[in-house]
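Visitor: Build me a model from this:
(2 chains)
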Protein chains: 2
Amino acid sequence: MTEPRIIATYHIASDADRIEQRAQGLAIEQSVECPLEAIGDPAILDTIVGRVEDIVELQPGRYAVRVGLAAATAPAEPGQLLNMLFGNSAIQDDVALADVALPDSYLAAFGGPRVGLAGIRALTGASQRALTASALKPQGLSPAALAGIAEQLARGGVDLIKDDHGLADQAFSPFAARAVAVGQAVREANAASGGRTLYAPNISGTLDDMRRQLSIIREEGIGALLVAPMIVGLSNFHAIVKEAAGLVVVAHPAMAGAVKIAPPLLLGRLFRLLGADATVFPNYGGRFAYSTDTCRALAAASRDPWDQLNACMPVPAGGIMLHRVNELLQFYGQDVMLLIGGSLLAAREQLTEQASRFVDRVASHGQR
Amino acid sequence: MTEPRIIATYHIASDADRIEQRAQGLAIEQSVECPLEAIGDPAILDTIVGRVEDIVELQPGRYAVRVGLAAATAPAEPGQLLNMLFGNSAIQDDVALADVALPDSYLAAFGGPRVGLAGIRALTGASQRALTASALKPQGLSPAALAGIAEQLARGGVDLIKDDHGLADQAFSPFAARAVAVGQAVREANAASGGRTLYAPNISGTLDDMRRQLSIIREEGIGALLVAPMIVGLSNFHAIVKEAAGLVVVAHPAMAGAVKIAPPLLLGRLFRLLGADATVFPNYGGRFAYSTDTCRALAAASRDPWDQLNACMPVPAGGIMLHRVNELLQFYGQDVMLLIGGSLLAAREQLTEQASRFVDRVASHGQR
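Guide: Got it, this is the predicted structure:
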């Protein structure tokens, strides 16, 4: 019986006459990481050493190398999976991880989004239209001031309000005080308006810290949370997903890098696999230089059918302005949540009205 | 009173006529992350918004930008510090984090290496000479087979034996069985030879997983551990450092990337600050393309005097062969631990003799 292999695709810069050797080096680097002559056991050579499946020239001097990695080396433990996919090669300047095909056992083990795109629609009551999100900023504001902003955004009808990812557990805004104050403001605004705005406080720190923060979220009846998987570590991220049943888990791209791991793979596929219900990513045409192709592929990776996994909500963000709503909904379709932070907040005293304008523009798209 | 600022140095690719704007954008990105007109509170504009300290042209089209970040936004919590230093900018293709100067309060809060370079010398009895290390490979071997390799390396007199960073908690080599078997083999070899070889099992997974593994390390009287801070998350890495008092904590560079955060800063300074006693990094002239300048700066960052912090042992690795020992000791000096893995293991049945040759060559350096 042949053991299943993980098929990892790497893009490598190389001369044509060295690519075979580079590819073989990569297969060794990401598996046994030692010269083959140091291996005495033929079963290891046969089943554990990475195997170059094929090499395709993408353009002169640039190649796609597919490597089969033994699933036995990377059991369904998120950090170890990342380690075996890219741990050492991430240190090599001219290698990027472009794609991964995983045996089905990983899908069953990790389980993907618990709430997922459809669950977010159900929770917010947005059954068909695209969704809206905004962020609590700037850092330095007190919990009361952030709660005031949240109240206005909720009254404007935004579907999801997330903490700025820079809000952690600082003296000017301790996590507990902020979650309680903002949670209450959103709850009251919902009660007054009949709305169903979700609030996602940003959890961070050690797994212990995140658990303490999660228990506050539960106590306050808050429906969502934000977390940066590449900062807290993929293993701890997935541990939180498993403990956050019923809550919407929103993944933030901080430290997720620009090019070494293809964004559709990391922010789309891997975060989804590990249970992100929504994934925030830099929109094209903003300040992060993601291309339209990258954004299209990332959205597809997060929500296109993938075995039994729930879809994950794509959340483009980063310098989006109101006047781009129609363009973006044409680009992404309706299964999307647009996140506008700073450019809403610039409305200051007219924040509720500006949020309401955002919400109306999204809701009315395609109805004319 | 002026609040202390973290001074972060970024390298940016930019046209000369846009660099001022890019620098200002970076200062905002890594602090309030919103348009300044969205900020109503003058105290936030004054104390929280990042401040461009200066801009220096490194070469045409490439600039060093120093940004003062408010310490209040990044309390002494490792993940949040990384988030505020580079969280969003890491997503921008043309920005690298080159250097950081931290207020003294961070040094006191994080504390740096607990055992440190001097402690490793004391534990191994290597009072003056450079030190030696090797790795247990390949993946796929059973605990008993790995213990056999460890025994030979210990009998050869290697100072530190670490797990291959790919060894986690796999079916072919579960953590507990491996740590027990290898720990016992090294203990017995030490007892027979009078040596003091340390063993560093690789801990991984969630913080819970790592604690379970740490307790096995304690129970078995093992003296060290290996961990990849960028995979487990800096916060959890530092939590383990605090719980591993008396043990040698060796940091592995997996997923630490090649260029986005300068290696001397991340693998040298930041890992040291958070408590790594030894830091493994890719040696120059090997397969990871680090330059001699990078390696020199990394070694300096890990061991040069830095306030009250203990020195961290630099551990160059990655394809080092025996014939390079003298060259490398001339390059790094004696405060170094050379790690040779694969090219020792290729000796197979003569592993003890080959390890002994490695140890002798390091010990005799400079004595002729």
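
Visitor: which residues in the stretch 151-300 of chain A form strands?
Guide: Taking DSSP state E, counting those that start in this stretch as the test, the strands found in the stretch 151-300 of chain A are A:160-163, A:198-200, A:224-227, A:248-251, A:278-282.

Visitor: For burial, what's the neighbour tally of residue A:140?
Guide: Counted by other CB atoms under 10 Å in any protein chain shown, the residues lying close to residue A:140 total 25. Yep, even glycine has a C-beta here, placed from its N, CA and C like the rest.

Visitor: Ok, residue A:81 next?
Guide: Around residue A:81 there are 29 other residues, counting by other CB under 10 Å.

Visitor: ditto for the one 5 residues further on
Guide: When neighbours are defined as other CB under 10 Å, residue A:86 has 27 of them.

Visitor: Without its sequence neighbours, what residue ends up closest to it?
Guide: residue A:97 (4.6 Å; CB to CB, 6 or more residues apart in numbering or on different chains).

Visitor: same check, this time on residue A:71
Guide: Per CB to CB, 6+ apart, closest to residue A:71 is residue A:4, 5.0 Å.

Visitor: which residues touch the one you found?
Guide: Shown in contact with residue A:4 (CB atoms under 8 Å, 6 or more residues apart in numbering or on different chains): A:71, A:103, A:105.

Visitor: Let me know whether the residue nearest to residue A:86 touches residue A:264 as I believe.
Guide: No - using CB atoms under 8 Å, residue A:97 is not in contact with residue A:264, being 11.3 Å away.

Visitor: a markdown table for the strands of the stretch 151-300 of chain A, including mean neighbour count?
Guide: Output for the strands of the stretch 151-300 of chain A, formatted as a markdown table (neighbours: other CB atoms under 10 Å in any protein chain shown):
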| stretch | mean neighbour count |
| --- | --- |
| strand A:160-163 | 28 |
| strand A:198-200 | 28 |
| strand A:224-227 | 25 |
| strand A:248-251 | 28 |
| strand A:278-282 | 29 |
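
Visitor: quick one: which of these is nearest chain B?
Guide: With CB to the nearest CB as the measure, strand A:278-282 is the member of the strands of the stretch 151-300 of chain A nearest chain B (5.7 Å).

Visitor: which residues sit against whichever helix or strand the residue nearest to residue A:86 is part of?
Guide: Here residue A:97 sits within strand A:95-101, counting by DSSP states H and E. Applying CB under 8 Å, 6+ apart, the set of residues contacting strand A:95-101 from outside is A:6-12, A:26, A:64, A:85-86, A:89-90, A:259-262, A:265, A:269-270.

Visitor: So is the top helix by length along chain A next to chain B?
Guide: Ranked by number of residues, the top helix in chain A under DSSP state H is helix A:175-193. No - using CB under 8 Å from any CB of the partner chain, helix A:175-193 stays clear of chain B, with a minimum separation of 10.8 Å.

Visitor: Can you spell out which helices and strands pack onto that helix?
Guide: helix A:143-155, strand A:160-163, strand A:198-200, helix A:207-219 (3 or more CB pairs under 8 Å, 6 or more residues apart in numbering or on different chains; DSSP states H and E).

Visitor: can you confirm residue A:316 is in a strand?
Guide: Yes - judged by DSSP: H, G, I helix; E, B strand; the rest coil, residue A:316 forms part of a strand.

Visitor: could you measure it against chain B, distance?
Guide: 13 Å (CB to the nearest CB, to the nearest Å).

Visitor: Correct me if wrong: that residue contacts residue A:279.
Guide: No - counting by CB under 8 Å, residue A:316 does not reach residue A:279; the two are 9.8 Å apart.

Visitor: need the residues of the stretch 201-350 of chain A near chain B, please.
Guide: Within the stretch 201-350 of chain A, the positions adjacent to chain B are A:204-209, A:228, A:231-236, A:238-239, A:253-260, A:282, A:287-289, A:341-343, A:345-346, A:348 by CB under 8 Å from any CB.

Visitor: For ChimeraX, write the selection for the buried entries among those.
Guide: Buried members of these, defined by 16 or more other CB atoms under 10 Å in any protein chain shown, are picked up in ChimeraX with:
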select /A:204,205,206,207,209,228,231,232,233,234,235,236,238,239,253,254,255,256,257,258,260,282,287,288,341,342,343,345,346
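
Visitor: among the residues of the stretch 201-350 of chain A next to chain B, which are in helices?
Guide: Taking DSSP H, the ones among these that sit in helices are A:207-209, A:231-232, A:234-236, A:238-239, A:342-343, A:345.

Visitor: rewinding a little: adding mean pLDDT, write the strands of the stretch 151-300 of chain A out as TSV.
Guide: Output for these, formatted as TSV (pLDDT from 0 to 100):
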stretch	mean pLDDT
strand A:160-163	94
strand A:198-200	96
strand A:224-227	95
strand A:248-251	92
strand A:278-282	92
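
Visitor: can you put those strands in a markdown table and add distance to residue A:34?
Guide: What follows is those, written out as a markdown table (distance: least, CB to CB, whole Å):
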| stretch | distance to residue A:34 |
| --- | --- |
| strand A:160-163 | 45 |
| strand A:198-200 | 45 |
| strand A:224-227 | 36 |
| strand A:248-251 | 35 |
| strand A:278-282 | 37 |
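
Visitor: Residue A:166 and residue B:3, how far apart?
Guide: Separation of residue A:166 from residue B:3 (CB to CB, to the nearest Å) stands at 16 Å.

Visitor: Quick check on these two: which one has the bigger neighbour count.
Guide: For residue A:166 versus residue B:3, neighbours defined as other CB under 10 Å are more numerous around residue A:166 (27 against 12).

Visitor: my read: the more buried one touches residue B:87, true?
Guide: Yes - if you go by CB under 8 Å, residue A:166 and residue B:87 touch, sitting 7.4 Å apart.

Visitor: Next up, the contacts around the closest residue to residue A:57 other than its chain neighbours.
Guide: Nearest residue to residue A:57, sequence neighbours excluded (CB to CB, 6+ apart): residue A:63, at 5.6 Å. By CB under 8 Å, 6+ apart, the residues touching residue A:63 are A:11-12, A:14, A:19, A:22-23, A:55-57.

Visitor: Just the buried ones from those residues?
Guide: By neighbour count, with 16+ other CB under 10 Å, the contacts of residue A:63 hold A:11-12, A:14, A:19, A:22-23, A:55 as buried.

Visitor: Mind putting those residues into a markdown table with distance to residue A:357?
Guide: Shown next, in a markdown table, are the buried ones among the contacts of residue A:63 (distance: CB to CB, whole Å):
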| residue | distance to residue A:357 |
| --- | --- |
| A:11 | 42 |
| A:12 | 48 |
| A:14 | 52 |
| A:19 | 54 |
| A:22 | 53 |
| A:23 | 53 |
| A:55 | 52 |
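
Visitor: Adding pLDDT, secondary structure and distance to residue A:110, write these out as CSV.
Guide: CSV is the format used below for the buried ones among the contacts of residue A:63 (pLDDT from 0 to 100; DSSP: H, G, I helix; E, B strand; the rest coil; distance: CB to CB, whole Å):
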residue, pLDDT, secondary structure, distance to residue A:110
A:11, 94, strand, 25
A:12, 95, strand, 28
A:14, 94, coil, 33
A:19, 96, helix, 33
A:22, 94, helix, 31
A:23, 96, helix, 28
A:55, 97, strand, 29
